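> Give me the fold of what follows.
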Amino acid sequence: MVDPSLYRPKNVPELPGVYRFKTQDDSVIYVGKAKNLKNRLNSYFTDITNLHPRTAMMVKTAAKVDWVTVHNEVEALQLEFTWIKAFNPRFNVRFRDNKTYPYLTLTLKEEFPQIAVTRGAKKKGNKYYGPFTHVWAIRQTMEQIIKVFPIRSCKDSVFRRHQLMKRPCLLGDIERCAAPCVARVDKNEYSQIVNNVLNFLNGNTKTIFNDLNYEMQKASQNEEYEKAARYRDRLEALNKVVELNAIVFDDETDADLIALAVDELHLSIQIFHVRQGQIKGERSFVSDRIDHKELPDHFEDLLTQIYGELEGDAIPKEILTNHELSNLENVTKWISENAKKSVDIRRPQRGDKKKLMETSEKNAEQNLISHKLKRSADLLARTKALEELAQALELEQAPLRIECIDISNISGTSTTASLVVFEDAIAQKKHYRTFNIKSFEGQDDPRAIAEVVSRRYRYLIDGEDAENSNKKSFAYRPSLVLIDGGIAQVNAARNALDELGLSEIETVGIAKRLEELWKPGAKDPIILPRNSEALFLVQRIRDEAHRFAVTKTRQRHSKKSLESELDVIPGLGEKKIKFLLDKYGSVSKIRKLDIKELAQNPGFNEKLATAILDGLQAETPSFDVETGEILS
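Numbering: from 1, shown residues only. Here you go, the predicted structure:
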């Protein structure tokens with residue numbers, strides 16, 4: 001790697017522009033833009049130790065940097081997009097779904113246009129509808145359309161063959177095609193069919209319904225019952241297509257709804273395409289998050305990449321997002337220039353658009369969870385994660401059993417430690433344990449860590465598990481102990497293990513920056529690569545430990561609150577307390593009962609009921625067992 005000080009740029013202008021970091025062989029590895037080039041580039045070289053590890057790696061990998069000044073930020077957006085597309089820099093986030101989604105296409109430049117399912121590059125002169133997530137959905141829609149509007153769906157080669165044969169295909173025989181190949185309709189009549197399809201796909205269905213209904217009634221009055229039946233079938237088919245594309249907004253709504261969900265390692269994107277008030281398509285994908293930009297900046301990059309390749313009608317009137325943009329004015333101006341119309345970019349605050357955005361957000365979050373579950377279930381990925389972790393921590397072998405300890409409390413009280421267990425990189429929930437901190441009150445994470453480590457790993461020495469099946473899992477020796485915390489917490493864990501004579505058990509701390517792992521006594525952290533399976537595994541273990549700790553802390557806090565209210569009431573023992581809570585659900589509901597209603601319970605009388613209700617009139621709040629929320 002090159003010493004960054006050797007290529008630190010000089011005489012950088014204080015102007016807006018776009019810059020490129022390059023390797024020695026001129027490969028572009030990062031593209032960025034700045035309002036002030038001098039300030040931005042200086043930030044990379046002033047103190048490299050303060051940079052995010054991923055950014056620091058980029059600066060050390062590069063060997064040179066150059067730039068181009070522009071007149072304004074809109075030009076900077078355009079040039080940045082062009083360079084990212086041209087060079088595909090490895091340190092830039094690319095929002096790609098790695099899929100080619102199908103579109104419903106009308107080939108309007110042909111003499112007799114066809115309807116077809118297409119993928120890939122779009123051709124000028126064609127009209128595209130979509131994208132659709134599933135090809136079966138678009139084929140189902142197309143089949144319903146040709147039942148109503150007999151537009152041709154054959155390939156050009158098939159069309160020409162039947163022209164020469166002067167005989168229609170099967171679709172022509174069953175009236176699913178107007179058969180222009182054998183001149184059953186002339187060019188004007190066929191154009192009307194195409195216009196009806198366009199009107200329908202653009203959401204203008206009222207006129208089409210009226211026309212078909214009129215023709216059906218007319219044929220019936222003329223006693224042309226077969227013809228009337230055909231129009232009836234077309235109306236039924238049209239209703240089915242309309243149901244597939246239910247109107248969710250008014251007819252004028254033309255918008256893309258884009259939701260972004262993130263964690264430390266991933267970006268999940270969900271897009272709904274609404275045209276003429278109908279959801280015409282949706283798509284979703286998950287990308288690796290290779291830098292630590294804020295969400296508004298990620299959204300700017302996302303919109304630039306999506307709409308940089310589109311123009312005109314392909315860009316909707318509205319782009320609705322679930323987060324604000326940091327550079328909203330310039331992004332809006334740039335996209336509007338591409339669209340050749342005014343485009344409104346905003347976050348919906350109320351109404352149906354906000355509801356659909358909430359749905360989009362949930363989908364993005366669910367897609368993120370599904371992606372992580374799929375990745376964690378992959379045997380090769382799990383094996384690679386353990387190997388990478390062993391290599392990074394310089395372990396002799398892969399850590400097949402990992403235990404992680406997390407401390408949680410509520411305002412310094414009810415301090416609880418969780419211990420979660422992963423074997424072969426898979427969570428073993430039956431081995432999870434919680435520890436109530438007993439040696440002190442208040443908040444002191446290192447001290448709590450020391451207590452938990454001492455209590456848990458003493459079982460490896462004392463052999464208590466031989467007679468105690470409830471703690472059987474404690475007999476298993478972990479390959480690695482992860483501590484959710486920095487150097488102070490991991491040092492406390494290390495000291496506790498050493499006091500037990502278990503110096504062979506490795507222990508590592510997980511810092512706030514997820515990719516930083518701290519070994520006891522270390523001056524610098526171990527940095528895991530952002531896109532590594534090892535980092536993904538550490539994230540899952542840390543998140544699971546935190547979730548488990550918070551849940552148990554809330555339950556303990558709630559239980560203490562309930563016990564403190566009911567236990568002090570004379571004549572109310574453990575069985576009666578359990579009976580009341582099982583029957584009524586919570587102390588707040590018991591408090592609302594009257595004396596007679598409470599006294600009717602078996603084993604209760606008016607004297608005890610009065611004592612209970614008097615005792616519950618105190619101001620002590622009660623808590624929801626699941627959430628820790630104050631109920632009264």
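> Please make it C-alpha for all contacts and neighbour counts, starting now.
OK.
> Mind jotting down where the helices sit in the stretch 501-632 of the chain?
Secondary structure of the stretch 501-632 of the chain (DSSP state H, counting those that start in this stretch): helices at 533-566, 574-584, 587-591, 595-599, 606-615.
> Against which helices or strands is the third one packed?
Identification of packing neighbours for helix 587-591 by 3 or more C-alpha pairs under 8 Å, 6 or more residues apart in numbering; DSSP states H and E yields helix 574-584.
> Next, work out how far apart residue 225 and residue 219 are.
7 Å (C-alpha to C-alpha, to the nearest Å).
> So if I had to pick from these two, which one is more boxed in?
Neighbour count, other C-alpha atoms under 10 Å: between residue 225 and residue 219, residue 219 has more, with 18 against 14.
> ok, that one - contacts?
225, 227, 228 (C-alpha atoms under 8 Å, 6 or more residues apart in numbering).
> tell me which element it falls in.
Taking DSSP states H and E as the definition, residue 219 sits inside helix 206-221.
> Alpha carbons of that helix, as CSV, please.
The C-alpha coordinates for helix 206-221 follow below in CSV (Å, rounded to 0.1, in the frame of the first residue of the first chain):
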residue,chain,number,x,y,z
LYS,A,206,-64.2,3.8,-18.0
THR,A,207,-64.6,4.6,-21.7
ILE,A,208,-63.6,1.0,-22.7
PHE,A,209,-66.2,-0.5,-20.3
ASN,A,210,-68.9,1.8,-21.7
ASP,A,211,-68.0,0.9,-25.3
LEU,A,212,-68.0,-2.8,-24.7
ASN,A,213,-71.2,-2.7,-22.7
TYR,A,214,-72.9,-0.6,-25.5
GLU,A,215,-71.7,-3.1,-28.2
MET,A,216,-73.0,-6.1,-26.1
GLN,A,217,-76.4,-4.5,-25.6
LYS,A,218,-76.6,-3.5,-29.3
ALA,A,219,-75.8,-7.1,-30.4
SER,A,220,-78.4,-8.5,-28.0
GLN,A,221,-81.1,-6.2,-29.2
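> Now the element after that helix, going C-ward?
Taking DSSP H and E, what comes next after helix 206-221 is helix 225-244.
> And the next helix or strand after that following helix, what does it pack against?
Next helix or strand after helix 225-244 toward the C-terminus (DSSP H and E): strand 255-262. Contacting strand 255-262 under the criterion 3+ C-alpha pairs under 8 Å, 6+ apart are the following elements: strand 266-275, strand 318-321, helix 351-377.
> Of the ones you listed, flag the one that's most buried.
Most buried of the helices and strands packed on strand 255-262 by mean neighbour count (mean count of other C-alpha atoms under 10 Å) is strand 266-275; its value is a mean of 23.
> Show me what counts as buried in the following helix or strand past it.
Using DSSP H and E, the helix or strand that follows strand 266-275 towards the C-terminus is strand 278-288. Buried residues in strand 278-288, counted by 16 or more other C-alpha atoms under 10 Å: 278, 279, 280, 281, 282, 283, 284, 285, 286, 287, 288.
> Please report how far the first one lies from residue 252.
Residue 278 sits 10 Å away from residue 252 when distances are taken as C-alpha to C-alpha.
> isn't residue 255 right next to residue 318, touching?
Yes: here residue 255 reaches residue 318: they are 4.5 Å apart, a contact under C-alpha atoms under 8 Å.
> Give me the neighbour count for the nearest residue to residue 616 once chain neighbours are set aside.
Nearest residue to residue 616, sequence neighbours excluded (C-alpha to C-alpha, 6 or more residues apart in numbering): residue 591, at 6.1 Å. Under the neighbour criterion other C-alpha under 10 Å, residue 591 is assigned a count of 16.
> ok, residue 591 to residue 341 distance?
For residue 591, the distance to residue 341 - C-alpha to C-alpha - is 62 Å.
> about what we covered before: save the buried residues of strand 278-288 as a markdown table, and put in distance to residue 4 too.
Formatted as a markdown table, the buried residues of strand 278-288 follow (distance: C-alpha to C-alpha, whole Å):
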| residue | distance to residue 4 |
| --- | --- |
| 278 | 53 |
| 279 | 50 |
| 280 | 50 |
| 281 | 47 |
| 282 | 44 |
| 283 | 41 |
| 284 | 39 |
| 285 | 36 |
| 286 | 33 |
| 287 | 29 |
| 288 | 26 |
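> Break this structure into its domains for me.
4-87, 103-204, 255-373, 380-535 (automatic domain parsing).
> thought residue 24 was touching residue 65?
No: applying C-alpha under 8 Å as the test, residue 24 and residue 65 come out as separate, 10.3 Å apart.
> Those two - which one has more neighbours?
Under the criterion of other C-alpha under 10 Å, the comparison of residue 24 against residue 65 puts residue 65 first, with 19 against 11.
> On the three-state scheme, the nearest residue to the more buried one once chain neighbours are set aside is what?
Distance criterion C-alpha to C-alpha, 6+ apart; nearest residue to residue 65, sequence neighbours excluded, is residue 21 at 4.5 Å. With DSSP: H, G, I helix; E, B strand; the rest coil as the basis, residue 21 sits in strand.
> number of nearby residues for residue 21?
22.
> I'd like the domains of the chain as TSV, with mean pLDDT appended.
TSV is the format used below for the domains of the chain (pLDDT from 0 to 100):
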stretch	mean pLDDT
domain 4-87	86
domain 103-204	84
domain 255-373	84
domain 380-535	83
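> any chance of those domains in CSV, with distance to residue 211 too?
Below are those laid out as CSV (distance: least, C-alpha to C-alpha, whole Å):
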stretch, distance to residue 211
domain 4-87, 47
domain 103-204, 10
domain 255-373, 20
domain 380-535, 58
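> Alpha carbons of stretch 417-426, in PDB - could you do that?
Output of stretch 417-426 as PDB, limited to C-alpha atoms (Å, rounded to 0.1, in the frame of the first residue of the first chain):
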ATOM      1  CA  ALA A 417     -26.700 -10.000  31.400                       C
ATOM      2  CA  SER A 418     -27.500 -12.200  28.400                       C
ATOM      3  CA  LEU A 419     -25.400 -15.100  27.100                       C
ATOM      4  CA  VAL A 420     -26.200 -16.400  23.600                       C
ATOM      5  CA  VAL A 421     -24.600 -19.400  22.000                       C
ATOM      6  CA  PHE A 422     -23.700 -20.000  18.400                       C
ATOM      7  CA  GLU A 423     -22.500 -23.400  17.200                       C
ATOM      8  CA  ASP A 424     -21.200 -23.800  13.600                       C
ATOM      9  CA  ALA A 425     -22.400 -20.100  13.200                       C
ATOM     10  CA  ILE A 426     -26.000 -21.100  14.000                       C
END
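> How about residues contacting it?
By C-alpha under 8 Å, 6+ apart, stretch 417-426 touches 376, 382-383, 385-386, 399-408, 427-429, 431-437, 448-449, 452, 537, 541, 544-546, 548-549, 552.
> if you look at those residues, which of them are in helices?
376, 382-383, 385-386, 448-449, 452, 537, 541, 544-546, 548-549, 552 (DSSP state H).
> Quick check: the two most widely separated of these?
Greatest spatial distance among these (C-alpha to C-alpha): 383 and 448, at 32.6 Å.
> So between the two, which is more surrounded?
Remark: of residue 383 and residue 448, residue 448 carries more neighbours, 28 against 17, as counted by other C-alpha under 10 Å.
> Find the nearest non-adjacent residue to the more buried one, please.
Nearest residue to residue 448 in three dimensions, chain neighbours excluded: residue 437, at 6.5 Å (C-alpha to C-alpha, 6+ apart).
> how near is the one you found to residue 55?
40 Å.
> now swap in residue 267 and tell me
Taking C-alpha to C-alpha, one finds residue 267 at 18 Å from residue 55.
> One more: residue 591?
In terms of C-alpha to C-alpha, residue 591 sits 58 Å off from residue 55.
> Can I get the helices of the stretch 501-632 of the chain in JSON lines including distance to residue 294?
Putting those into JSON lines (distance: least, C-alpha to C-alpha, whole Å) gives the following:
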{"stretch": "helix 533-566", "distance to residue 294": "19"}
{"stretch": "helix 574-584", "distance to residue 294": "46"}
{"stretch": "helix 587-591", "distance to residue 294": "42"}
{"stretch": "helix 595-599", "distance to residue 294": "55"}
{"stretch": "helix 606-615", "distance to residue 294": "51"}
